[in-house]
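A.B. asks: Based on what follows, work out the 3D shape:
(2 chains)
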There are 2 protein chains.
Amino acid sequence: MLKAKIFVELKPSVLDPQGKAVTNSLHNLGFKDVTQTRIGKYIEIVFDNSDKEDVSRQTTEICDSLLANLNTENYHIEIEEIKS
Amino acid sequence: MLKAKIFVELKPSVLDPQGKAVTNSLHNLGFKDVTQTRIGKYIEIVFDNSDKEDVSRQTTEICDSLLANLNTENYHIEIEEIKS
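C.D. replies: Here you go, the predicted model:
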């Protein structure tokens, strides 16, 4: 069993209104040091497969086809073993 | 300048219908090895502050008060320096 951890974030050039709203809330709550907030997605997929290369290839395909919008988002992947 | 990376995920005991939907889509797309998918949030906050302990303390406070629902979600934090 392998777990793929996927981090999807907006490209730096893309405006993030949700992040801007969080930054404003944090300022109102008194966290004056905060200069920027970006909101992304964190996805974990468990594979019943112990071939790291194959899982890495499948995860890339999954991100490209389903999980990330490549026009506006970047992603990176980490594969780790699950101790049973 | 320091960047806090925050990973928010549902507690293992909490059902994740969005993740279940993604698992079903992946099966339909032919990814038969996928056994589970969990969807969380990935948040980056930039602080104009170079005191790691202070930023870590502030980030924990921010998560507890604004970003995570402690009834249903767990989170963990990583603090890293931004090279200027």
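A.B. asks: okay, CA-based contacts and neighbour counts for the rest of this
C.D. replies: Noted.
A.B. asks: what sits up against stretch A:71-84?
C.D. replies: Contact with stretch A:71-84 is made by A:1-11, A:14, A:52, A:55-56, A:59-60, A:63, A:68, as judged by CA atoms under 8 Å, 6 or more residues apart in numbering or on different chains.
A.B. asks: Quick check: next helix or strand after the helix or strand harbouring A:Thr23?
C.D. replies: For A:Thr23, the host element (DSSP states H and E) is helix A:17-28. Sequence-wise, the next helix or strand downstream of helix A:17-28 (DSSP H and E) is strand A:34-47.
A.B. asks: so what secondary structure elements neighbour that following strand?
C.D. replies: Applying 3 or more CA pairs under 8 Å, 6 or more residues apart in numbering or on different chains; DSSP states H and E, we find strand A:34-47 packed against strand A:2-10, helix A:17-28, strand B:2-10, strand B:34-47.
A.B. asks: would TSV of the ones you listed with mean neighbour count and mean pLDDT be doable?
C.D. replies: Putting the helices and strands packed on strand A:34-47 into TSV (neighbours: other CA atoms under 10 Å in any protein chain shown; pLDDT from 0 to 100) gives the following:
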stretch	mean neighbour count	mean pLDDT
strand A:2-10	22	96
helix A:17-28	15	95
strand B:2-10	22	96
strand B:34-47	21	96
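A.B. asks: Including distance to A:Glu73, could the ones you listed go into JSON lines?
C.D. replies: Shown next, in JSON lines, are these (distance: least, CA to CA, whole Å):
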{"stretch": "strand A:2-10", "distance to A:Glu73": "4"}
{"stretch": "helix A:17-28", "distance to A:Glu73": "14"}
{"stretch": "strand B:2-10", "distance to A:Glu73": "17"}
{"stretch": "strand B:34-47", "distance to A:Glu73": "13"}
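A.B. asks: What does the pLDDT read for A:Ile82?
C.D. replies: Note on A:Ile82: pLDDT of 89.
A.B. asks: Now do the residue lying farthest from the centre of chain A against chain B, distance only.
C.D. replies: Here chain A reaches farthest from its C-alpha mean at A:Gly30, the gap being 27.6 Å by CA atoms, centre = their mean. Remark: distance between A:Gly30 and chain B (CA to the nearest CA, to the nearest Å) = 10 Å.
A.B. asks: again with A:Val22
C.D. replies: Look at A:Val22 and chain B: by CA to the nearest CA, they are 9 Å apart.
A.B. asks: likewise A:Leu15?
C.D. replies: In terms of CA to the nearest CA, A:Leu15 sits 14 Å off from chain B.
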